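# Structure of the sequence below:
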Amino acid sequence: MSDAKLLFIHALTGLHPGSGSALGVVDMPVQRERHTRWPLIPGSSLKGVLRDTCRPGDSHGDEHEKWLAAFGPETNNASDFAGALALTDARLLAFPVRSLHGVFAWATCPAALARAKRDANLLLKNTDTPDIPSSIEREKALCANDSNLVIGEGNRLLLEEFEFQCVDADQEIVGQWAEWLAQAVQDEATQKRLEGHLVILHDDDFTYFTRHATEVIARVGLDYETKTAKDGALFYEEFLPAETLFYAVVMGSDSRNDKVPRDGKGMLAWLEDKLPQTLQIGGDQTIGKGICAIKISQ
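Purely as a prediction, here's the structure:
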(Lines give C-alpha, C1' and ligand atoms only; values in the text may rest on other atoms or scores of the structure.)
Protein backbone atom coordinates (compact mmCIF):
# COMPACT_ATOMS: atom_id res chain seq x y z
CA MET A 1 0.00 0.00 0.00
CA SER A 2 1.37 3.46 -0.94
CA ASP A 3 1.25 6.64 1.13
CA ALA A 4 2.75 10.09 0.55
CA LYS A 5 3.82 13.29 2.31
CA LEU A 6 5.35 16.61 1.29
CA LEU A 7 8.99 17.23 2.12
CA PHE A 8 9.62 20.97 2.43
CA ILE A 9 13.10 22.42 1.86
CA HIS A 10 14.03 25.90 3.11
CA ALA A 11 17.46 27.08 1.95
CA LEU A 12 19.32 28.74 4.84
CA THR A 13 22.44 29.47 2.77
CA GLY A 14 23.14 29.76 -0.95
CA LEU A 15 22.26 26.53 -2.75
CA HIS A 16 23.94 24.98 -5.80
CA PRO A 17 22.05 21.96 -7.17
CA GLY A 18 24.46 21.84 -10.09
CA SER A 19 23.83 20.71 -13.65
CA GLY A 20 27.50 20.18 -14.50
CA SER A 21 29.15 22.57 -16.95
CA ALA A 22 27.67 24.90 -19.57
CA LEU A 23 28.76 26.81 -22.66
CA GLY A 24 27.38 30.18 -21.52
CA VAL A 25 28.84 32.93 -19.35
CA VAL A 26 28.13 30.94 -16.16
CA ASP A 27 30.46 27.95 -16.08
CA MET A 28 28.49 26.04 -13.42
CA PRO A 29 24.75 26.81 -13.57
CA VAL A 30 22.07 25.33 -11.34
CA GLN A 31 19.76 22.56 -12.46
CA ARG A 32 16.54 23.78 -14.09
CA GLU A 33 13.35 22.31 -15.44
CA ARG A 34 13.38 21.98 -19.20
CA HIS A 35 9.93 23.48 -19.84
CA THR A 36 9.70 26.25 -17.19
CA ARG A 37 13.40 27.03 -16.65
CA TRP A 38 12.64 27.19 -12.91
CA PRO A 39 15.35 25.84 -10.59
CA LEU A 40 14.90 22.36 -9.14
CA ILE A 41 16.69 19.83 -6.96
CA PRO A 42 16.85 16.45 -8.75
CA GLY A 43 15.10 13.65 -6.91
CA SER A 44 18.17 11.43 -7.33
CA SER A 45 20.34 14.00 -5.51
CA LEU A 46 17.79 14.45 -2.77
CA LYS A 47 17.39 10.71 -2.24
CA GLY A 48 21.17 10.27 -2.11
CA VAL A 49 21.48 12.93 0.61
CA LEU A 50 18.66 11.36 2.61
CA ARG A 51 20.15 7.90 2.22
CA ASP A 52 23.51 9.07 3.51
CA THR A 53 21.98 11.09 6.35
CA CYS A 54 19.81 8.23 7.59
CA ARG A 55 22.57 5.61 7.32
CA PRO A 56 22.93 3.84 10.70
CA GLY A 57 26.32 3.62 12.37
CA ASP A 58 26.04 -0.14 12.73
CA SER A 59 26.18 -2.06 9.46
CA HIS A 60 24.13 -4.89 10.98
CA GLY A 61 21.01 -5.18 13.09
CA ASP A 62 17.41 -3.97 12.88
CA GLU A 63 18.19 -0.33 12.04
CA HIS A 64 20.39 -1.38 9.14
CA GLU A 65 17.63 -3.60 7.77
CA LYS A 66 15.10 -0.76 8.06
CA TRP A 67 17.51 1.54 6.23
CA LEU A 68 17.90 -1.05 3.45
CA ALA A 69 14.12 -1.48 3.29
CA ALA A 70 13.68 2.28 2.92
CA PHE A 71 16.38 3.05 0.34
CA GLY A 72 17.26 -0.31 -1.18
CA PRO A 73 20.40 -2.47 -0.91
CA GLU A 74 23.93 -1.30 -1.67
CA THR A 75 25.10 -1.36 -5.28
CA ASN A 76 26.48 -4.90 -5.19
CA ASN A 77 23.09 -6.26 -4.09
CA ALA A 78 20.84 -3.73 -5.83
CA SER A 79 18.89 -6.45 -7.64
CA ASP A 80 17.70 -8.07 -4.39
CA PHE A 81 14.76 -5.69 -3.88
CA ALA A 82 13.77 -2.06 -4.43
CA GLY A 83 13.58 0.53 -1.68
CA ALA A 84 10.18 1.43 -0.27
CA LEU A 85 10.70 5.21 -0.46
CA ALA A 86 10.41 7.19 -3.70
CA LEU A 87 11.05 10.92 -4.13
CA THR A 88 10.11 13.38 -6.83
CA ASP A 89 12.29 16.29 -7.88
CA ALA A 90 12.08 19.18 -5.42
CA ARG A 91 9.96 21.85 -7.11
CA LEU A 92 10.08 25.59 -6.54
CA LEU A 93 7.46 27.09 -4.23
CA ALA A 94 8.71 30.63 -3.58
CA PHE A 95 11.78 32.57 -4.67
CA PRO A 96 13.34 35.45 -2.68
CA VAL A 97 13.61 38.72 -4.62
CA ARG A 98 15.21 41.97 -3.44
CA SER A 99 12.68 44.66 -2.49
CA LEU A 100 13.04 48.41 -1.91
CA HIS A 101 10.82 48.05 1.18
CA GLY A 102 10.85 45.04 3.49
CA VAL A 103 14.35 43.92 2.37
CA PHE A 104 13.10 41.04 0.22
CA ALA A 105 9.90 39.39 -0.98
CA TRP A 106 9.02 35.74 -1.38
CA ALA A 107 7.75 35.74 -4.96
CA THR A 108 5.58 33.01 -6.39
CA CYS A 109 3.04 32.73 -9.22
CA PRO A 110 -0.29 31.04 -10.03
CA ALA A 111 1.42 28.29 -12.04
CA ALA A 112 3.72 27.30 -9.17
CA LEU A 113 0.86 27.38 -6.66
CA ALA A 114 -1.46 25.42 -8.98
CA ARG A 115 1.16 22.70 -9.32
CA ALA A 116 1.63 22.47 -5.57
CA LYS A 117 -2.15 22.33 -5.10
CA ARG A 118 -2.45 19.60 -7.75
CA ASP A 119 0.28 17.48 -6.15
CA ALA A 120 -1.26 17.88 -2.70
CA ASN A 121 -4.72 16.95 -4.00
CA LEU A 122 -3.73 14.02 -6.21
CA LEU A 123 -0.89 12.41 -4.27
CA LEU A 124 -1.73 13.34 -0.69
CA LYS A 125 -5.51 13.52 -1.11
CA ASN A 126 -5.26 16.90 0.66
CA THR A 127 -8.10 19.20 -0.35
CA ASP A 128 -7.34 21.95 2.20
CA THR A 129 -4.96 23.92 -0.04
CA PRO A 130 -6.12 27.48 -0.85
CA ASP A 131 -7.66 28.53 -4.15
CA ILE A 132 -5.51 29.74 -7.04
CA PRO A 133 -5.78 33.51 -7.62
CA SER A 134 -7.44 34.72 -10.79
CA SER A 135 -5.32 35.87 -13.70
CA ILE A 136 -2.66 38.44 -12.80
CA GLU A 137 -1.46 40.81 -15.52
CA ARG A 138 2.17 41.55 -16.30
CA GLU A 139 3.74 44.16 -14.00
CA LYS A 140 0.92 43.62 -11.49
CA ALA A 141 1.31 42.08 -8.03
CA LEU A 142 -0.95 40.48 -5.48
CA CYS A 143 0.02 40.99 -1.84
CA ALA A 144 -1.61 41.34 1.56
CA ASN A 145 -3.36 44.57 2.62
CA ASP A 146 -0.73 45.27 5.28
CA SER A 147 2.22 44.04 3.21
CA ASN A 148 5.66 45.23 4.30
CA LEU A 149 6.65 45.53 0.65
CA VAL A 150 4.37 48.42 -0.31
CA ILE A 151 6.10 51.75 -0.93
CA GLY A 152 4.81 54.62 1.23
CA GLU A 153 1.08 55.27 1.12
CA GLY A 154 0.78 54.08 -2.45
CA ASN A 155 0.07 50.70 -3.89
CA ARG A 156 3.38 50.01 -5.60
CA LEU A 157 6.19 47.50 -5.10
CA LEU A 158 9.76 47.77 -6.32
CA LEU A 159 11.32 44.34 -6.83
CA GLU A 160 14.89 44.42 -8.11
CA GLU A 161 14.72 47.28 -10.66
CA PHE A 162 11.06 46.70 -11.65
CA GLU A 163 7.96 48.48 -10.39
CA PHE A 164 4.74 46.53 -9.84
CA GLN A 165 1.24 47.82 -9.24
CA CYS A 166 -0.69 46.13 -6.42
CA VAL A 167 -4.13 44.78 -7.35
CA ASP A 168 -7.12 44.79 -5.02
CA ALA A 169 -8.73 41.49 -6.03
CA ASP A 170 -8.04 38.18 -4.23
CA GLN A 171 -5.96 39.80 -1.48
CA GLU A 172 -7.29 37.35 1.11
CA ILE A 173 -5.81 34.49 -0.92
CA VAL A 174 -2.30 35.81 -0.20
CA GLY A 175 -2.85 35.34 3.52
CA GLN A 176 -4.24 31.86 2.96
CA TRP A 177 -1.21 30.83 0.91
CA ALA A 178 1.16 32.45 3.41
CA GLU A 179 -0.44 30.34 6.12
CA TRP A 180 -0.13 27.22 3.96
CA LEU A 181 3.51 28.01 3.11
CA ALA A 182 4.29 28.54 6.80
CA GLN A 183 4.32 24.76 7.18
CA ALA A 184 7.38 24.72 4.90
CA VAL A 185 9.60 26.48 7.45
CA GLN A 186 10.58 25.55 10.98
CA ASP A 187 11.24 28.82 12.80
CA GLU A 188 8.34 30.90 14.07
CA ALA A 189 9.88 34.23 13.04
CA THR A 190 9.98 33.21 9.37
CA GLN A 191 6.44 31.87 9.56
CA LYS A 192 5.21 35.26 10.77
CA ARG A 193 7.31 37.10 8.20
CA LEU A 194 5.79 35.19 5.28
CA GLU A 195 2.39 36.89 5.30
CA GLY A 196 3.81 40.41 5.06
CA HIS A 197 6.44 39.46 2.47
CA LEU A 198 4.64 37.06 0.13
CA VAL A 199 3.80 38.38 -3.34
CA ILE A 200 2.09 36.57 -6.21
CA LEU A 201 3.24 37.69 -9.67
CA HIS A 202 2.36 36.90 -13.26
CA ASP A 203 3.95 33.61 -14.35
CA ASP A 204 6.30 35.35 -16.79
CA ASP A 205 7.46 37.96 -14.25
CA PHE A 206 8.15 35.19 -11.75
CA THR A 207 10.09 33.23 -14.36
CA TYR A 208 12.22 36.27 -15.15
CA PHE A 209 13.32 36.57 -11.51
CA THR A 210 14.10 32.85 -11.21
CA ARG A 211 16.37 33.15 -14.24
CA HIS A 212 18.04 36.50 -13.63
CA ALA A 213 17.92 37.13 -9.86
CA THR A 214 20.18 34.26 -8.80
CA GLU A 215 23.65 34.78 -7.33
CA VAL A 216 26.60 34.39 -9.73
CA ILE A 217 29.91 34.21 -7.89
CA ALA A 218 33.42 34.24 -9.32
CA ARG A 219 35.57 31.42 -7.96
CA VAL A 220 39.33 31.20 -8.40
CA GLY A 221 42.10 28.76 -7.57
CA LEU A 222 45.35 30.23 -6.24
CA ASP A 223 48.89 29.01 -6.75
CA TYR A 224 50.19 28.02 -3.30
CA GLU A 225 53.62 29.61 -3.72
CA THR A 226 52.82 32.85 -5.55
CA LYS A 227 49.27 33.39 -4.21
CA THR A 228 48.17 34.38 -7.70
CA ALA A 229 45.43 32.84 -9.81
CA LYS A 230 46.33 29.59 -11.54
CA ASP A 231 45.99 29.50 -15.30
CA GLY A 232 42.43 28.59 -16.23
CA ALA A 233 41.31 28.45 -12.57
CA LEU A 234 38.80 31.30 -12.76
CA PHE A 235 35.19 30.17 -13.12
CA TYR A 236 31.69 31.48 -12.43
CA GLU A 237 29.20 29.52 -10.36
CA GLU A 238 25.46 30.09 -9.94
CA PHE A 239 23.71 29.81 -6.58
CA LEU A 240 20.08 30.00 -5.55
CA PRO A 241 19.71 32.62 -2.81
CA ALA A 242 19.08 31.80 0.82
CA GLU A 243 15.37 31.67 1.76
CA THR A 244 14.36 29.80 -1.43
CA LEU A 245 11.49 27.38 -0.72
CA PHE A 246 11.06 23.99 -2.41
CA TYR A 247 8.86 20.97 -1.92
CA ALA A 248 9.17 17.33 -2.97
CA VAL A 249 6.71 14.47 -2.68
CA VAL A 250 7.90 11.47 -0.68
CA MET A 251 5.99 8.26 -1.40
CA GLY A 252 6.17 5.20 0.79
CA SER A 253 5.19 1.71 -0.35
CA ASP A 254 5.14 -1.61 1.47
CA SER A 255 8.59 -2.85 2.45
CA ARG A 256 10.11 -5.35 0.02
CA ASN A 257 12.68 -6.45 2.60
CA ASP A 258 11.33 -9.66 4.18
CA LYS A 259 13.09 -8.76 7.45
CA VAL A 260 11.12 -5.49 7.79
CA PRO A 261 7.35 -6.08 7.41
CA ARG A 262 6.12 -2.47 7.27
CA ASP A 263 3.53 -0.72 5.12
CA GLY A 264 4.04 2.59 3.32
CA LYS A 265 2.82 4.67 6.25
CA GLY A 266 5.26 2.87 8.54
CA MET A 267 8.18 3.53 6.18
CA LEU A 268 7.31 7.26 6.05
CA ALA A 269 7.09 7.33 9.84
CA TRP A 270 10.56 5.75 10.02
CA LEU A 271 11.96 8.43 7.68
CA GLU A 272 10.33 11.25 9.66
CA ASP A 273 11.84 9.88 12.87
CA LYS A 274 15.33 9.70 11.35
CA LEU A 275 15.39 13.07 9.58
CA PRO A 276 17.53 15.79 11.16
CA GLN A 277 16.35 19.40 11.22
CA THR A 278 18.90 20.41 8.57
CA LEU A 279 20.50 18.80 5.53
CA GLN A 280 23.33 19.91 3.28
CA ILE A 281 22.25 19.65 -0.35
CA GLY A 282 24.16 20.32 -3.57
CA GLY A 283 27.74 21.39 -4.14
CA ASP A 284 30.30 23.44 -2.19
CA GLN A 285 29.50 21.90 1.19
CA THR A 286 32.95 22.76 2.57
CA ILE A 287 32.27 26.50 2.16
CA GLY A 288 28.90 26.36 3.90
CA LYS A 289 26.63 26.22 0.87
CA GLY A 290 23.50 24.14 0.63
CA ILE A 291 22.46 24.16 4.32
CA CYS A 292 18.68 23.64 4.31
CA ALA A 293 16.01 23.26 6.96
CA ILE A 294 13.85 20.18 6.34
CA LYS A 295 10.27 19.59 7.37
CA ILE A 296 7.73 16.88 6.54
CA SER A 297 4.04 17.71 6.26
CA GLN A 298 1.78 16.30 8.95
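
# So, low pLDDT: which residues of the stretch 101-250 of the chain?
Along the stretch 101-250 of the chain, segments meeting pLDDT under 70 span 126.

# Please enumerate the strands of it.
For the stretch 101-250 of the chain, the strands defined by DSSP state E, counting those that start in this stretch cover 104-108, 140-143, 156-159, 162-166, 198-201, 215-219, 235-239, 245-252.

# and among these, the most buried is which?
When the strands of the stretch 101-250 of the chain are scored by mean count of other Cβ atoms under 10 Å, the highest mean neighbour count falls to strand 198-201 (a mean of 26). Placement of C-beta: from N, CA and C, glycine included.

# Show me what that one is in contact with.
Residues outside strand 198-201 that contact it (Cβ atoms under 8 Å, 6 or more residues apart in numbering): 94, 105-110, 113, 133, 136, 140-144, 147, 149, 157, 159, 164, 173-174, 177-178, 181, 209.

# Please apply the same query to stretch 17-32.
By Cβ under 8 Å, 6+ apart, the residues outside stretch 17-32 that reach it are 15-16, 38-42, 45, 214, 216, 235-240, 281-283.

# right, so of the strands of the stretch 101-250 of the chain, which gets closest to Asp3?
strand 245-252 (5.0 Å; Cβ to Cβ).

# Check which helices and strands that closest one is in contact with.
Contacts defined by 3 or more Cβ pairs under 8 Å, 6 or more residues apart in numbering; DSSP states H and E place strand 245-252 against strand 3-11, strand 85-87, strand 91-98, helix 110-123, helix 264-274.

# between these, which one is nearest to Val220?
strand 3-11 (24.4 Å).

# Mind giving me the packing neighbours of that closest one?
helix 110-123, strand 245-252, helix 264-274, strand 291-296.

# so which of these gets nearest Arg55?
Among the helices and strands packed on strand 3-11, helix 264-274 comes nearest to Arg55, with 9.5 Å by Cβ to Cβ.
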